[in-house]
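> Dropping the sequence and predicted coords here.
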Amino acid sequence: MLDKLKKVCRSIDADYAEVRLHEGGSSSVHYAGKELEDIGERTGLGGCVRVLKDGGWGFASFNDIGRIDRYASMALKQASLVGGEPFALAPVQPRTAVYRSRPRNDPADHSLGDKQELAAKYNRLLLDHDRITTTSVTYRDSTGTRYLVNSDGASIEQRYSFCGIMIAAIAVEGSNVQRAYEVSGDLRGFDNVLDMDAACERVKQRALELLEARPVEAGVYDVIVDPKLCGVFVHEAFGHLSESDHIYENPKLRGIMQPGRRFGPDALNITDDGSLEGEAGHIAFDDEGVPARRTPLIEGGVLTGRLHNRETAAKMGEEPTGNARAISFAHPPIVRMTNTFLEPGEWDFEAMLEDTEDGLYAVGMLGGQTNMEMFTFSAEEAWKIEGGRLTEKVRDVVLTGNVFKTLANIDAVGKDFQLYGGLGGCGKDGQSPLRVGDGGPHCRIRNVVIGGR
């Protein structure tokens, strides 16, 4: 297969050419309430050709593997029509490699019936209460091989196996509707979805407890966020701003995201690292053949890095970081995160709590949105902090603010650390869901605007 792709690449008269081919399969099971809404196994095979010619990109994707030459010609013609100011991609050493992820318990060794039975069991456990009106249980796995060759001489074969599950319960009392969930998903294998009876009970109890909680009063609070919410904030509010295609194309953001600029205290260290095997965002090589690596974005509170593909690296005079990723052969690679997280600090959680006279402890994530440097996130649950102790449970906690002011207001970073995967993945420019990881430790943020009653 790789030999044929190399032959196609050599035949293209362009400044740069690459051919990618993806083959694999997936299975899924989805319960909504008592109903099994979806179950199935799917397979796919397809490829794409991407060409750079005189400053213009051409791209063609296909399922008809026998006619790759035709699609290479189409991509070359597109590139010639687009044109533009000629540029060279940032140089990288071409690699020849074969990589296999190593799940401890391969989901491909389990039947679809076994997966359905497991999901049905968890769904029954969640429904076992009269105030739990509906549930959602989604199991998903995928195993696939990705081939890449390019005109620089790269020849790479990578195989990954992903497995995960999401369980959720909705509790209702009158007009009061509350939701709780847990999710697991990464490259470690089928063990991710086993032995979740206790997790089902936790989800059910959280939803029921939220029915009894009072809505938080709106105001400005010192907030301790848990590792899950910390990771979502780092990914959504800061990570996307670090993707250099956005930076290069946006003059305002280009002025803000300058290396050497201070964004927070010395304890603030944010990293993107695709080399972490087993994690949801792990890749051995990106979709341009650049090895995954650890990229410090903020070190000691100062911006030190941005995320690049070979094009943005060349245009901005920096090195590629291994962040060119596409969700499938149907899309060209763009700059995307891998595993993005806040590095641990020196605070024990108990000491952080005792040092907070009044505030909120916000846990988990229900939803949110970002718009450039502005963000809004909803915590799954929260507690008031009074006199350095957790007291009353509250709900409807919505954190809003400016990401750069928020980073500057982080004054305590915990020793604990957790990295999370999931089923939903990341979305950008119509490519979703892309598997990523995010996380961090507990951290405290001063003067956060909280929406509520």
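Now that the structure is in, tell me what you want to look at.

> Determine the three-state secondary structure at the closest residue to His22 other than its chain neighbours.
Distances taken as C-beta to C-beta, 6 or more residues apart in numbering put Phe329 closest to His22, at 4.5 Å, once the chain neighbours are dropped. Bear in mind the C-beta positions are built from the backbone N, C-alpha and C, glycine included. Local secondary structure at Phe329 is given as coil here, using DSSP: H, G, I helix; E, B strand; the rest coil.

> how many other residues sit next to Phe329?
The local packing of Phe329 (other C-beta atoms under 10 Å) involves 23 other residues.

> just checking, it touches Ser61?
Yes. In this structure, Phe329 is within contact of Ser61 by C-beta atoms under 8 Å, at 5.5 Å.

> intersection of neighbour lists for those two?
Here Phe329 and Ser61 share the contacting residues Gly46, Gly47, Cys48, scored by C-beta atoms under 8 Å, 6 or more residues apart in numbering.

> Among those, name the ones in strands.
With strands defined by DSSP state E, the entries of the shared contacts of Phe329 and Ser61 inside them are Gly46, Gly47, Cys48.

> Which residue, other than its chain neighbours, is closest to the second one?
Nearest-residue entry for Gly47: Leu21, 4.0 Å, with adjacent residues in sequence omitted and distances by C-beta to C-beta, 6+ apart.

> So for the one you found, what's the pLDDT?
Predicted confidence (pLDDT) for Leu21: 96.

> From here on, call the first residue 59.
Fine by me, first position is 59 from now on; the one you just mentioned is Leu79.

> in what helix or strand does it lie?
In this structure, Leu79 sits in strand 74-90 according to DSSP states H and E.

> try Ala146
For Ala146, no secondary-structure element claims it when assigned by DSSP H and E, so it is in no helix or strand.

> now the nearest residue to it once chain neighbours are set aside: how far from Pro378?
Excluding the flanking residues, the one nearest Ala146 by C-beta to C-beta, 6+ apart is Ala372, at 6.0 Å. When distances are taken as C-beta to C-beta, to the nearest Å, Ala372 and Pro378 turn out to be 9 Å apart.

> what's the overlap in contacts for these two?
Once C-beta under 8 Å, 6+ apart is applied, the residues that Ala372 and Pro378 both contact turn out to be Ala148.

> Who has more neighbours out of the two?
Neighbour count, other C-beta under 10 Å: between Ala372 and Pro378, Pro378 has more, with 25 against 17.

> quick revisit: quick check, nearest of the shared contacts of Phe387 and Ser119 to Glu143?
Within the set of the shared contacts of Phe387 and Ser119, Cys106 lies nearest Glu143; the separation is 24.4 Å, counting by C-beta to C-beta.

> Now do the contacts for that closest one.
Val77, Arg78, Phe117, Ala118, Ser119, Phe120, Tyr129, Phe387, Ala388, His389, Pro390.

> With distance to Glu337 added, can I get those in a markdown table?
Output for these, formatted as a markdown table (distance: C-beta to C-beta, whole Å):
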| residue | distance to Glu337 |
| --- | --- |
| Val77 | 28 |
| Arg78 | 23 |
| Phe117 | 29 |
| Ala118 | 32 |
| Ser119 | 28 |
| Phe120 | 32 |
| Tyr129 | 34 |
| Phe387 | 23 |
| Ala388 | 25 |
| His389 | 22 |
| Pro390 | 25 |
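
> got a winner among these for most neighbours?
When these are compared by neighbour count (other C-beta under 10 Å), Val77 ends up highest, at 27 neighbours.

> Can you show me the helices along the protein?
Across the chain, reading from the start of the chain, the helices by DSSP state H fall at 60-69, 126-140, 170-185, 255-270, 285-291, 302-307, 309-314, 368-374, 407-412, 461-466.

> winner for burial among those helices?
Among these, the stretch with the highest mean neighbour count (mean count of other C-beta atoms under 10 Å) is helix 285-291, at a mean of 25.

> Looking at that one now, give me its mean pLDDT.
Across helix 285-291, pLDDT averages out at 97.

> ditto for stretch 460-472
Confidence over stretch 460-472, taken as the mean pLDDT, stands at 97.

> what does that stretch contact?
Applying C-beta under 8 Å, 6+ apart, the set of residues contacting stretch 460-472 from outside is 282, 285, 291, 295-296, 299, 314, 321-323, 325-326, 356, 400-407, 410, 413, 428, 431-433, 499-506.

> what sits against the closest residue to Arg160 other than its chain neighbours?
What sits nearest to Arg160 in space, not counting adjacent residues and going by C-beta to C-beta, 6+ apart, is Glu335, at 7.7 Å. Counting by C-beta under 8 Å, 6+ apart, Glu335 touches Ser159, Arg160, Leu245.

> per-residue confidence at the second one?
Here, the pLDDT recorded for Arg160 equals 88.

> For it, grab the count of nearby residues.
Arg160 is surrounded by 13 other residues when neighbours are defined as other C-beta under 10 Å.

> In contact with the nearest residue to Asp324 once chain neighbours are set aside: list those residues for me.
Once its chain neighbours are removed from consideration, Asp324 has its nearest residue in Gly358; the separation is 4.9 Å (C-beta to C-beta, 6+ apart). Under the criterion of C-beta under 8 Å, 6+ apart, the neighbours of Gly358 are Asp324, Leu326, Asn327.

> PyMOL command to pick out the buried ones of those residues?
If you want just the buried ones from the contacts of Gly358 in PyMOL, going by 16 or more other C-beta atoms under 10 Å, the selection is:
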select buried, resi 326+327
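
> ok, the contacts of Gly358 vs Ser169, which is closest?
Nearest to Ser169, judged by C-beta to C-beta, of the contacts of Gly358 is Asn327 at 44.6 Å.

> burial measure for the closest residue to the closest one other than its chain neighbours, as a count.
Excluding the flanking residues, the one nearest Asn327 by C-beta to C-beta, 6+ apart is Glu401, at 3.9 Å. Here the number of neighbours of Glu401 (other C-beta under 10 Å) works out to 16.
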